[in-house]
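Participant: predicted coordinates and the sequence they were generated for:
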Amino acid sequence: MGVGILNPDSSAVLHLESVQPPRGFLPPRLTQAQRDAIVHPAVGLTVYNTDLNTLQYFNGECWISVFQQNCTDCYFSMTLSDSSGTIDRTQTDSLAVEAFITQTAGTPQAVGVNVFGVLPTGVNVTVSGNPVASVGTARIVFRVTPFTPSGTFVIPIQAVCGPSMRTILFTLTLEPCFTVTVSNATTNFDLAARVWLEHFNGVPQDTPVCVVGVVAPGVEVSSTDAAQPAFTTGNLPAGSMVGIVNKGLIIGKGGRGGDAWAPFANPPLDGAGQNGGHGLFLTERTVLLNEGHLYGGGGGGNAMAFRFDLPSIPVIGVISLGIGAGGGGGAGNGPGGDAGTVIQYYSPGAPGTGGQFGAPGQGGTLITPIPISFVTVSPNIYGGNGGHYGFAGTQGTFTVDVTAVIPPFGIPLNIGTFGVPVTPPPAGNAGFAVKRNGNPLDGLPDAPNYQTNFIKGPVGN
């Protein structure tokens, strides 16, 4: 039978043509609910599904879209919450986009979502809620560091289910960071001051910035004062992000060895070893890539040097005695303790040395008998040694044996053995390899005392 044609195709039960005017074949248009309400559909029964906007037919098992091969073939739609986004690396170091998945055909099954292609170096991607169970949302998070190259990148986001694949391009923009390179040996380095100088004509900014400091291979950053860190991130605006790439040496100053316990001196001396200086001192959240050496200065050894009066000796009377030894300086060029003329009988501490293989100084040693009129003082005094990188200084020891020969008959008299006349002064603590000061640090977990070839000293608050 033919409609609109004189000679219908002999193989067709019904042959329809409409050229003038041009018209098409219009099958029944049903919603999915209406379609499913058909009782005992015949094999080959055809409808147009208005919910899915596709032609479907019944194959004896299920209603199947014309593009499907069988009932289990999975087809789906995917949209993104955004088509582009920017990471400024100050307010945030990450960006999230959601992929909304709706399966449109086939038996319900999981839809896998992933980021396809080669990502820029330093971009980390996580996908949660994946795979999506037929209908749902996957959350894609892009996270970067200060070391990630800046620029605009087109990133394919892809979802797969059975024979069906969907790809949407997402445009990710990464704002730049300011880079400062330390190419020559320097002391007391302030990253904020340097970035203002190099990038802002010396004028500090009040908005957060992203800054990367690079210590070049073989370059040493140290300190002239244990109270000052070798490298500080400085006075950056709150919310700034810092990246530090250390390929050289960042070494805290060694603590000074104790001089003497001499409260009467001007200025007074307490004999304590000085704390070692910090290697890296943070003022903002920081990501650290350490490929070099990062050491906290060793603590200074304590002084074992005191001034006190011996008990009254018959005929001779009271002798006032100033005697002892200074503490050794900590590794990192810590000065040795030296009381000068404050203590009469004295052995100064040795300084520590610096550089990658720096060593602590030894405390002074005083063991030679000292004749004083008719009295002989035999000291056995050792100042505290300085600490190695990342270690506190040590406590020294102090004993003095005193004998006398009583005139005029030369009668020998053992006056006694005398120990420390006051509470011994403390030795200095180690400087931190990294002092966080409550700021987040990525790349190096907190630890009480690293002792590796690359890191020596505590890392933490």
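Facilitator: Received it, and whenever you're ready, just let me know what you need.

Participant: so how far is stretch 406-423 from its chain's centroid?
Facilitator: 59 Å (CA atoms, centre = their mean, to the nearest Å).

Participant: hang on, N333 packs against A359?
Facilitator: No: look at N333 against A359 with CB atoms under 8 Å: they stay out of range, at 10.5 Å. The way it works is simple: take the backbone N, C-alpha and C, and place the C-beta from them, glycine included.

Participant: touching both of those two, which residues are there?
Facilitator: G352, T353 (CB atoms under 8 Å, 6 or more residues apart in numbering).

Participant: of these two, who's got more company?
Facilitator: N333 (23 against 19; other CB atoms under 10 Å).

Participant: distance check, that one against Y389.
Facilitator: Note on N333: its distance to Y389, by CB to CB, to the nearest Å, is 11 Å.

Participant: now N275
Facilitator: Counting by CB to CB, the gap from N275 to Y389 is 13 Å.

Participant: now do the shared contacts for those two.
Facilitator: By CB under 8 Å, 6+ apart, the residues touching both N275 and Y389 are A430.

Participant: quick one, what contacts I250?
Facilitator: The contact partners of I250, taken as CB under 8 Å, 6+ apart, are V215, V221, S222, A230, F231, G279, L280, G292, H293, L294, Y295.

Participant: ok, then the element right after the helix or strand containing it?
Facilitator: Taking DSSP states H and E as the definition, one finds I250 inside strand 249-251. Using DSSP H and E, the helix or strand that follows strand 249-251 in sequence is strand 261-262.

Participant: give me the mean pLDDT for the following helix or strand past that next one.
Facilitator: Downstream of strand 261-262, the next assigned helix or strand under DSSP H and E is strand 269-270. Across strand 269-270, the average pLDDT comes to 94.

Participant: how far does strand 269-270 sit from its chain's centre?
Facilitator: Worked out by CA atoms, centre = their mean, strand 269-270 lies 38 Å from the chain centre.

Participant: before we move on, what about stretch 450-458?
Facilitator: Counting by CA atoms, centre = their mean, stretch 450-458 comes out at 15 Å from the chain centroid.

Participant: CA atoms of that stretch as PDB?
Facilitator: Extracted in PDB, the C-alpha atoms of stretch 450-458 (Å, rounded to 0.1, in the frame of the first residue of the first chain):
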ATOM      1  CA  TYR A 450      65.300  15.700  62.500                       C
ATOM      2  CA  GLN A 451      68.800  14.300  62.200                       C
ATOM      3  CA  THR A 452      69.300  13.500  58.500                       C
ATOM      4  CA  ASN A 453      71.900  14.700  56.000                       C
ATOM      5  CA  PHE A 454      69.400  17.300  54.800                       C
ATOM      6  CA  ILE A 455      67.500  18.500  57.900                       C
ATOM      7  CA  LYS A 456      68.900  18.900  61.400                       C
ATOM      8  CA  GLY A 457      66.800  20.200  64.300                       C
ATOM      9  CA  PRO A 458      63.200  20.500  65.400                       C
END
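
Participant: which outside residues touch stretch 184-191?
Facilitator: 180, 182, 211, 213, 219-225, 228-234, 236, 242, 244.

Participant: where do the strands of the stretch 1-150 of the chain begin and end?
Facilitator: For the stretch 1-150 of the chain, applying DSSP state E, counting those that start in this stretch gives strands covering 2-3, 15-16, 29-30, 46-49, 54-58, 63-65, 75-80, 84-87, 94-105, 110-115, 124-128, 132-133, 135-143.

Participant: can you put these in a markdown table and add mean pLDDT and distance to T397?
Facilitator: Listed next are these as a markdown table, based on pLDDT from 0 to 100; distance: least, CB to CB, whole Å:
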| stretch | mean pLDDT | distance to T397 |
| --- | --- | --- |
| strand 2-3 | 87 | 118 |
| strand 15-16 | 90 | 113 |
| strand 29-30 | 95 | 99 |
| strand 46-49 | 94 | 94 |
| strand 54-58 | 90 | 92 |
| strand 63-65 | 85 | 91 |
| strand 75-80 | 93 | 72 |
| strand 84-87 | 95 | 59 |
| strand 94-105 | 94 | 56 |
| strand 110-115 | 94 | 65 |
| strand 124-128 | 95 | 55 |
| strand 132-133 | 93 | 72 |
| strand 135-143 | 96 | 55 |
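
Participant: turn those into a markdown table, including distance to T417 and mean neighbour count.
Facilitator: Output for the strands of the stretch 1-150 of the chain, formatted as a markdown table (distance: least, CB to CB, whole Å; neighbours: other CB atoms under 10 Å):
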| stretch | distance to T417 | mean neighbour count |
| --- | --- | --- |
| strand 2-3 | 129 | 12 |
| strand 15-16 | 125 | 14 |
| strand 29-30 | 110 | 14 |
| strand 46-49 | 105 | 17 |
| strand 54-58 | 104 | 17 |
| strand 63-65 | 103 | 18 |
| strand 75-80 | 84 | 17 |
| strand 84-87 | 71 | 16 |
| strand 94-105 | 68 | 18 |
| strand 110-115 | 77 | 19 |
| strand 124-128 | 67 | 13 |
| strand 132-133 | 83 | 17 |
| strand 135-143 | 67 | 17 |
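
Participant: got those strands as TSV, with distance to P267 columns?
Facilitator: Output for the strands of the stretch 1-150 of the chain, formatted as TSV (distance: least, CB to CB, whole Å):
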stretch	distance to P267
strand 2-3	116
strand 15-16	111
strand 29-30	98
strand 46-49	93
strand 54-58	91
strand 63-65	91
strand 75-80	69
strand 84-87	53
strand 94-105	53
strand 110-115	64
strand 124-128	54
strand 132-133	72
strand 135-143	53
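
Participant: picking up where we left off before, list the ones among the contacts of stretch 184-191 that fall in strands.
Facilitator: The strands, defined by DSSP state E, take in V180, V182, V211, G213, E220, V221, S222, F231, T232, V242, I244 from the contacts of stretch 184-191.
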